[in-house]
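Undergrad: Provided below are the primary sequence and the corresponding predicted coordinates.
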Amino acid sequence: MSASSSTPRRAIRDREIREVPPQAAGLGVCVLGGGSFGTAIASIAADNGAAVTQWMRDATQAHEVNTEHRNSGYLPDFAINPGVRATTNMADALAEAELVCVAIPSKAFRAVVRQAREHLREGQILIATTKGIESEGFTLMSEVLEEETGFTHIGVLSGPNLAAEIAQRQLTATVVASDDAYTRARVQTAFGCDYFRVYASNDRYGVELGGALKNIYAIAAGMAAALGMGENTRAMLMTRALAEMSRFAVAKGANPMTFLGLAGVGDLIVTCSSPLSRNYRVGFALGEGRTLEQAVEVLGQVAEGVNTVRLVQEESKRLGIYMPLVSGMAQVLFEGIDPHHMARALMGSEQSSDVEFVLSRESVQQARHLEPDAS
Ligand SMILES: NC(=O)C1=CN([C@@H]2O[C@H](COP(=O)(O)OP(=O)(O)OC[C@H]3O[C@@H](n4cnc5c(N)ncnc54)[C@H](O)[C@@H]3O)[C@@H](O)[C@H]2O)C=CC1
Ligand SMILES: O=C(CO)COP(=O)(O)O
């Protein structure tokens, strides 16, 4: 499908976009990764007038992006901005880039950054968009960027950002997180436009951790939906998920306030509500009675949350952080516990405080041991 033969809806949006001044004209943007999110953000930057290259390993896919302006493997129904130039040549992809976004699943992220390393230059901005954790050392993706390059301008892009909706130019917002003001400003210039808002944060760790953690609860929400559970259940799950993920993140050094933003509660809402989320779909398949292997195979793409459950379960045990939902999910995913049974067991777990920053868990526990007349 060429840009000119795209759907009427898309054609209407194209006309709207042309009225917007290309604020990123002259800015070189390179996206590493040919999957759905990489393709979606490459197209936003091109809509903004940036000179965009997209590196991918598959030559046939690169040819399709360059000639038909679509990516049939990952976003088959959407036209890509014809300004995106795809290539399998890393040196070529990075040559003119001021801003480099890495959209590669966590398992291959470091390997691809190492492949890119010899073509990168200090002064370039490096942005991680992957919501996953590396097993070795519980390392987040922007930390991998830092470790592998030692560069100054490093950040994270994360938020409620389903790629298929961005590709339709649905109104969307995200967060760029970096302690470096220059990085934040350049990312806002590259991607901020009339359908994509880019808010700023200086809590890189919290924003990045939020994106990774919410995948766990998206699996749980998909499972709950398949089991026929209602909206009360979903609201309880999402809110307790927020309590649990904030508790973990604060223990790891993040700012709890970050979790009130787009990369915390925002991303939690979207991925716990949408079958477009791959993590939600894995959970749904598990709730239908499939094994984890079957669920992952049917999906055919990476659901980062599966590995994240295992890593967060280990890390929370190591640090002594109470995470009943993570423990329950680990039992379902890796020990074959029936999801319904797990949900019932969770209903019997500790009834602690609602918002721990208002009333601590310790206060609730202490009060339980008081005599009735001593309250
Ligand atoms: N799809 C979405 O809606 C969103 C995804 N993300 C995050 O972005 C990350 C990347 O996501 P997607 O683009 O959606 O992933 P994807 O699963 O659609 O595609 C991954 C891409 O990485 C490539 N890849 C995998 N291993 C590789 C290797 N060793 N060398 C070179 N290329 C390799 C694949 O060929 C594919 O092009 C994910 O981990 C996800 O957490 C973030 C926001 C939204
Ligand atoms: O992170 C996402 C949306 O913000 C996409 O989630 P999935 O990886 O579950 O598709």
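TA: Noted; the coordinates are in hand. Residues are numbered from 1 along each chain as shown. Ligands and ions are numbered 1, 2, ... in the order given.

Undergrad: My guess is Pro66 contacts Arg85. True?
TA: No, residue 66 isn't Pro; it's Asn. Yes. At 6.5 Å, Asn66 and Arg85 qualify as touching, with contact defined as Cβ atoms under 8 Å. (Each C-beta comes from the backbone N, C-alpha and C, glycine too.)

Undergrad: So what's the residue count around the residue nearest to Thr174 when sequence neighbours are not counted?
TA: Nearest residue to Thr174, sequence neighbours excluded (Cβ to Cβ, 6 or more residues apart in numbering): Gly159, at 3.5 Å. For Gly159, the neighbour count with other Cβ atoms under 10 Å is 25.

Undergrad: which ones are touching Gly159?
TA: Residues near Gly159 by Cβ atoms under 8 Å, 6 or more residues apart in numbering: 172-175, 199, 211, 262-263, 266-267.

Undergrad: Nearest residue to the middle of this protein?
TA: Centroid check for the chain by Cα atoms, centre = their mean gives Lys131 as the closest residue, at 3.9 Å.

Undergrad: ok so that residue is a helix residue?
TA: No. Read with DSSP: H, G, I helix; E, B strand; the rest coil, Lys131 is coil and lies in no helix.

Undergrad: Do you know the pLDDT at the residue nearest to Thr174?
TA: Predicted confidence (pLDDT) at Gly159: the value is 98.

Undergrad: how close does it get to ligand 2?
TA: Using Cβ to the nearest ligand atom, to the nearest Å, Gly159 is found at 6 Å from ligand 2.

Undergrad: Over to Ser363?
TA: Taking Cβ to the nearest ligand atom, one finds Ser363 at 35 Å from ligand 2.

Undergrad: about what we covered before: tell me the one of the contacts of Gly159 nearest Leu75?
TA: Set against Leu75, the nearest of the contacts of Gly159 by Cβ to Cβ is Thr172 (14.7 Å).

Undergrad: The closest one - how many residues pack around it?
TA: Counted with other Cβ under 10 Å, the neighbours of Thr172 add up to 20.

Undergrad: Looks like it contacts Leu157 (just checking).
TA: No. Thr172 lies out of contact with Leu157 (Cβ under 8 Å); the separation is 11.8 Å.

Undergrad: Find the nearest non-adjacent residue to the residue nearest to the centre of the chain, please.
TA: Gly211 (3.7 Å).

Undergrad: got the contact list for the residue nearest to the centre of the chain?
TA: Here Lys131 is in contact with 158, 208, 211-212, 214-215, 304 (Cβ under 8 Å, 6+ apart).

Undergrad: Of those residues, which is the nearest to Glu122?
TA: Set against Glu122, the nearest of the contacts of Lys131 by Cβ to Cβ is Glu208 (22.1 Å).

Undergrad: got a list of what the residue in the stretch 51-200 of the chain positioned nearest to ligand 2 touches?
TA: With Cβ to the nearest ligand atom, the shortest gap between the stretch 51-200 of the chain and ligand 2 falls at Asn161, namely 4.3 Å. Asn161 is in contact with 37, 40, 172, 174, 267, 270, counting by Cβ under 8 Å, 6+ apart.

Undergrad: Ramachandran angles for the last one?
TA: Its backbone dihedrals place Val270 at phi -70, psi -40, with angles given as degrees, to the nearest 10.

Undergrad: Nearest spatial neighbour of it, chain-adjacent residues omitted?
TA: That would be Pro160: by Cβ to Cβ, 6+ apart, it lies 3.8 Å from Val270.

Undergrad: Check Trp55 too.
TA: That would be Ala93: by Cβ to Cβ, 6+ apart, it lies 3.8 Å from Trp55.

Undergrad: Just list the residues touching the closest residue to Gln351 other than its chain neighbours, thanks.
TA: By the measure of Cβ to Cβ, 6+ apart, the closest residue to Gln351 outside its immediate chain neighbours is Val364, 7.9 Å from it. Contact analysis of Val364 by Cβ under 8 Å, 6+ apart lists 351-353.

Undergrad: And the pLDDT for Asn215?
TA: Confidence score, pLDDT, at Asn215: 98.

Undergrad: Quick check: it touching Thr271?
TA: Yes. Between Asn215 and Thr271 there is a contact under Cβ under 8 Å: 6.7 Å.
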